[in-house]
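Colleague: Give me the fold of what follows.
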Amino acid sequence: MPEIYGFPDTDLVGLWLPTEEGLTLGANVSTLADLSGNGNNVSLHLGAQVPVATATSLQTTVAGAGFMFDTDIPWGQEFSIVLATRFSHAVASGTYPVIHQSTSGFQSGGMGVSNPETGVTINVDHGAAAANIQPAMFANAGGGVNFGGSPRKGVTIDAASHNAWFITAWSYKPSTDQFTFRAKASGAILGTSSTDGPTAAYMEAFGGLHAFGLGRYLTNNVSGEFHGTAMYSTAKDADGLDALITSMKNHMNAVGIDTV
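Modeller: Residues are numbered from 1 along each chain as shown. Reported below is the predicted structural model:
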């Protein structure tokens, strides 16, 4: 199968890998080119912190609003996505920073003054007692619809600490209301899947565009690193998502990130 930087190119709609973009180390980065060849370049959302380029990632070291990149790819349609991220801020109870969501979840004031966790998002429990990472899909309809009868649906993955690198992949298939979620850090890939009509309807009605990165929840307390994202126009099953996680892991290992 043809690949681009180790990722399958069939149905690939966007590929953003900062280490492959020729960025100047230490430079501020507010845009990323789409390496898939589809022209889906991305830029920082209003109010985002501006990360700097390192040899392995984009990074912020001062806790704040975090940074999210806005795509031009519509939310609510069939997709698969894989992301590699690491948080570096102090663990605190009740903090659930977001790594993927719709742009419709941001309020007009931008990231620094509003809660970006409205809609169907991927959040990370960054305040649990155990030394692990808990990424989950979260559906917040203002006290209404949630995912499968529970506000959060995800996995707890083994990690050396809350601040370790981890990879998250998930897919959504509107025709069957199917959500599939997979993730790993230093341990095995774990996941869950569910058919959820109410959340699917809410997700499709929510609108907006895909956004990814490291974003705040209730307070400006987020810092960390972003290695890359790949996005596809089809909903991959668990095996397909695991293959994307492996592609991301291999790319991270090649630049010196060996903890995943």
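
Colleague: Regarding the chain, what is its longest strand?
Modeller: Across the chain, the strand with the greatest residue count (assigned by DSSP state E) is strand 222-232.

Colleague: That one: partners in the sheet, and parallel or antiparallel?
Modeller: Strand 222-232 pairs in its sheet with strand 12-16 (antiparallel), strand 58-64 (antiparallel), strand 79-87 (antiparallel), by DSSP bridges.

Colleague: tilt between the helix or strand just after that strand and strand 79-87?
Modeller: The element immediately downstream of strand 222-232 (helix or strand, assigned by DSSP states H and E) is helix 238-254. Interaxial angle, helix 238-254 versus strand 79-87 (axes from the mean of the first three to the mean of the last three Cα atoms, to 10 degrees): 40 degrees.

Colleague: about what we covered before: report the rounded mean pLDDT for the longest strand of the chain.
Modeller: Averaged across strand 222-232, pLDDT comes to 97.

Colleague: residues in contact with stretch 48-62?
Modeller: Stretch 48-62 is contacted by residues 18-19, 23-30, 44, 64-68, 86, 88, 110-112, 213-215, 222-227, 252, 255-257 when judged by Cβ atoms under 8 Å, 6 or more residues apart in numbering. Backbone N, C-alpha and C define where each C-beta goes, glycine included.

Colleague: So which of the strands paired with strand 222-232 is the most surrounded?
Modeller: strand 79-87 (a mean of 25; mean count of other Cβ atoms under 10 Å).

Colleague: pLDDT on it, on average?
Modeller: On average, strand 79-87 scores 97.

Colleague: next helix or strand past it?
Modeller: Next element after strand 79-87 (DSSP H and E): strand 98-102.

Colleague: Please give the centre-to-centre distance between the longest strand of the chain and its chain.
Modeller: 6 Å (Cα atoms, centre = their mean, to the nearest Å).

Colleague: Touching stretch 89-98 from outside, list them.
Modeller: By Cβ under 8 Å, 6+ apart, stretch 89-98 touches 63, 66, 68, 87, 116-117, 121-127, 138, 162-163, 214-219, 221-224.

Colleague: Just those: which are in strands?
Modeller: 63, 66, 68, 87, 121-125, 138, 214-215, 222-224.

Colleague: In PyMOL, select just the buried ones from the contacts of stretch 48-62.
Modeller: Buried residues among the contacts of stretch 48-62 (16 or more other Cβ atoms under 10 Å), as a PyMOL selection:
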select buried, resi 18+19+23+29+44+64+65+66+67+68+86+88+111+213+214+215+222+223+224+225+226+227+252+255+257
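
Colleague: which regions of this structure lie under the pLDDT threshold?
Modeller: 114-119, 127-131, 140-152 (pLDDT under 70).

Colleague: could you check the distance from Met248 over to Ala90?
Modeller: 26 Å (Cβ to Cβ, to the nearest Å).

Colleague: and His126, how many neighbours does it have?
Modeller: Using other Cβ atoms under 10 Å, His126 has 23 other residues around it.

Colleague: how close does the residue lying closest to it once chain neighbours are set aside get to Leu23?
Modeller: The spatial neighbour of His126 that comes closest, neighbours along the chain excluded (Cβ to Cβ, 6 or more residues apart in numbering), is Thr95 at 4.7 Å. The spacing between Thr95 and Leu23, counted by Cβ to Cβ, is 29 Å.
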